[in-house]
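[1] Structure for the following, please:
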Amino acid sequence: KRKKREHLGVLWHWVLACIYTIIHSMCFLIQAICLSVAINSHNKSLLVVMTSNQYMELKSYLFKKFDYINNFQIVARDIRERFSYTVVLVMVFIRNMSQLEWDTAHMWDILPDVAVIVSSEIFIDWIKHAFVTKFNGIPVETYNDY
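    Numbers count the residues shown, from 1 in each chain. Got it, this is the predicted structure:
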C-alpha cells in the first residue's frame, strides 16, 4: 500500500510539471506573438509600450535596499530576461524572413526595431545596476564574483 502511494505522488508531481510547462510555453508564445505584432505593425505604438515596460522595471528597483545576494539575483534575472528576449527575437526574425522568402531588403526593415529593443534593455539594466551599486554601497568588483 505504501509503494502505491509513492507512485501516486510521483504521478501527481508529473501532472503538475506538465501543466506548468504548458502554461509557461503558452506565455512564451504570447510574448513572441506580441513582439512579432510590434515589429510588423506600421504603427510602432506597441513597440513603444513594450520598451516603456523596461522603464517600469527600473522604477521598481530604484532606491530599494539590496545586499550582495540580492544583487546576484538581479543579475541572474537580467541574464534570463536577455536570453529570453534573444530567443524570441530570433524566432520572430526567422518567421518574418521565411514569410518573405529570405529577402535581405526586409531584413534591414526589421533590424532597427530589434536594435531598439536590445539597446533599451541593455541601457535600462546598466542604469539599474548603477543605482543599485551606488545607493547600497556594493562595490563594483562584486560583479567579478558572479
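
[2] could you list every residue that touches the spatially most central residue of the chain?
    Of all residues in the chain, the one closest to the mean position by CA atoms, centre = their mean is residue 81, 2.8 Å from it. Residue 81 is in contact with residue 121, counting by CB atoms under 8 Å, 6 or more residues apart in numbering. C-beta: built from backbone N, CA, C; applies to glycine.

[3] Look up how far residue 75 lies from it.
    Going from residue 81 to residue 75 by CB to CB, to the nearest Å gives 11 Å.

[4] Tell me the first helix or strand C-terminal of the lengthiest helix in the chain.
    Secondary structure of the chain per DSSP state H: the longest helix is helix 2-40. Using DSSP states H and E, the next helix or strand after helix 2-40 towards the C-terminus is helix 45-61.

[5] got a list of contacts for that following helix?
    With CB under 8 Å, 6+ apart, helix 45-61 has contacts from 34-35, 37-39, 41, 74, 113, 116-117, 120-121, 124, 127-128, 131-132.

[6] Give me the neighbour count for residue 88.
    19 (other CB atoms under 10 Å).
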